[in-house]
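>>> below are the sequence and a predicted model for it; my questions follow.
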Amino acid sequence: MFSKRLSCSIILATVSLAAAEERFGSANVSVAKEHHVPQTVQTKPASVKPTDHAMVHTETDSNYKAFTGKIVGGNVRMRLSSDVESPIVKELLRNDLVVVRGEKSDFYAVEAPQDMKVYIFRSFVLDNVVEGNRVHVRLSPELTAPVVAVMNTGEKVNGTISDKNHKWLEISPPKNVRFYIAKEYIEKIGGPELKALRDKKQSSVIQLMDSAELLSQSEMMKPFEEIDFERVSNSFMTITKDYSDFPEYSEKAKSKLAHLQEIYLQKKIAYLEAKTSKMSKERALRNDLVQVSDASEENLSPRERMKIWERVEESLYLNWSASHHKKTMDDFYEDQKMKTVRISGIVEAYNDVVKNKPGNFVLRDRDMPRAYLYSTFIDLQNYVGKYVTLVAVARPNNNFAFPAYFIFEAEK
């Protein structure tokens, strides 16, 4: 404790005159400068107005029956003391709530707003403890700002360095600080606990709004078919339904939801148009395939025969990609390889001219047809008449007598 006091003494001894002036009443020159009164004429302190800003707005009536008041006007001024010439601390909006802790003349004394910050000179704070008697706490981080309160040695503060002026700490007002509002602008609505309950509910609606906005951003980035718009809608509707006593948030939720509904509708239209286009393309591919398969394949080269089945595979890929957003043809085949089976037999060409045939090769086992085959990966013509083991994945057989397979590999 001794070393701490010694450190503080060194700090206080080296601070500037501006910092020293924050110690209200520590020297006549401080008082004179604070009230803009020359030192030589300050023979009657009682004549100086106000006599002590801090004393005026930290007074408390312990016998006063506190209550929650509602602001009944627009842009109602909250002042530093009970005087219409007193500095304005803040302007309050209609329906804002305050806790009234006393009264003086035509003014109510109210608690400091919950989100309000005041400022104390950093040189008088060591390890979150005030070191100095009657240190000024001001309304803004500058020596000319009105004094809100005074603090003394040993009082604790929890502050952060001000972004506006790094020589000052930003802190919450001391609990005994009072500000003043004309009585005519406050309507009593309940006990002092009412504002705390409302503040808690306001914190809840702010959290709900933040969560709803984050959810909507996340969902609307998804492909249309994956968007859970009902969940998004419910999150905003909860705010409009359960927090109607906070009209600013209720209206914001309604506006956000209307905007999201418009975006969702546009996504739906684009999705349906793309789906219709894809279906038309699939039908065209199937028609082309029927026309080609109806023709004789005897005069086609092996590569031309495989080309026929590339169209079939493209059609299958398009169907698959509808539920696998942004996946490529390579991704499709990687998925198919996970579903392969091994089949064995003798490969034979299947050149009959028939509609919708499920392959241009047949696999026989013991002189009996077992499956229809085709491939775009290997030329099955090279394996005709040979007994092979095939790595295959099932394909539609178009109601023919035997199953159909797409071939990835062949082993003799």
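Looks like it arrived, so ask away.
>>> ranges for the helices of this protein?
2-14, 17-20, 28-34, 53-57, 193-220, 229-242, 247-294, 302-321, 329-337 (DSSP state H).
>>> out of the ones you listed, which gets the lowest mean score?
Mean pLDDT is lowest for helix 28-34 out of the helices of the chain, coming in at a mean of 32.
>>> contacts only, for residue 155.
129, 130, 174 (Cβ atoms under 8 Å, 6 or more residues apart in numbering). The way it works is simple: take the backbone N, C-alpha and C, and place the C-beta from them, glycine included.
>>> filter those to the buried ones?
By neighbour count, with 16 or more other Cβ atoms under 10 Å, the contacts of residue 155 hold 130, 174 as buried.
>>> for the contacts of residue 155, give me JSON lines that also has pLDDT and distance to residue 223.
Below are those laid out as JSON lines (pLDDT from 0 to 100; distance: Cβ to Cβ, whole Å):
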{"residue": "129", "pLDDT": "94", "distance to residue 223": "57"}
{"residue": "130", "pLDDT": "94", "distance to residue 223": "59"}
{"residue": "174", "pLDDT": "91", "distance to residue 223": "55"}
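>>> quick one: which of the contacts of residue 155 is nearest residue 118?
Nearest to residue 118 out of these is residue 174 (Cβ to Cβ; 8.3 Å).
>>> so that closest one makes contact with residue 137?
Yes - using Cβ atoms under 8 Å, residue 174 is in contact with residue 137, at 6.8 Å.
>>> okay, and the common contacts of those two?
149, 151.
>>> show me the protein divided up by domain.
Domains of the chain are assigned by automatic domain parsing as 2-189, 193-269, 295-412.
>>> if I look at the closest residue to residue 173 other than its chain neighbours, how far off is residue 67?
Nearest in space to residue 173, with sequence neighbours left out and distances taken as Cβ to Cβ, 6 or more residues apart in numbering, is residue 112 at 3.9 Å. Per Cβ to Cβ, to the nearest Å, residue 112 is found 17 Å from residue 67.
>>> between those two, which has more neighbouring residues?
Higher neighbour count among residue 112 and residue 67: residue 112, with 24 against 19, using other Cβ atoms under 10 Å.
>>> quick one: closest of the domains of the chain to residue 275.
Here domain 295-412 is closest among those (Cβ to Cβ), at 7.2 Å.
>>> and that closest one, how far out from the chain middle?
Centroid separation between domain 295-412 and its chain, computed with Cα atoms, centre = their mean, to the nearest Å, is 50 Å.
>>> contacting residues around residue 390?
342, 343, 344, 363, 373, 405, 407, 409, 410, 411.
>>> for residue 95, same thing?
70, 71.
>>> and it, how far from residue 248?
Distance from residue 95 to residue 248, by Cβ to Cβ: 10 Å.
>>> could you export the contacts of residue 155 as CSV, including distance to residue 274?
Formatted as CSV, the contacts of residue 155 follow (distance: Cβ to Cβ, whole Å):
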residue, distance to residue 274
129, 66
130, 67
174, 63
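>>> let me know the closest of the contacts of residue 155 to residue 348.
So of those, ranked by how close each gets to residue 348 (Cβ to Cβ), first place is residue 129, at 95.1 Å.
>>> so what pairs up with that closest one in the strands?
Note on residue 129: beta-bridge partners by DSSP bridges are residue 126, residue 156.
>>> again, but for residue 188
Counting by DSSP bridges, the residues bridging with residue 188 are residue 69.
>>> hmm, residue 69 and it touching each other?
Yes - with contacts counted by Cβ under 8 Å, residue 188 reaches residue 69, the gap being 5.7 Å.
>>> which neighbours do these two share?
Counting by Cβ under 8 Å, 6+ apart, the common neighbours of residue 188 and residue 69 are residue 100.
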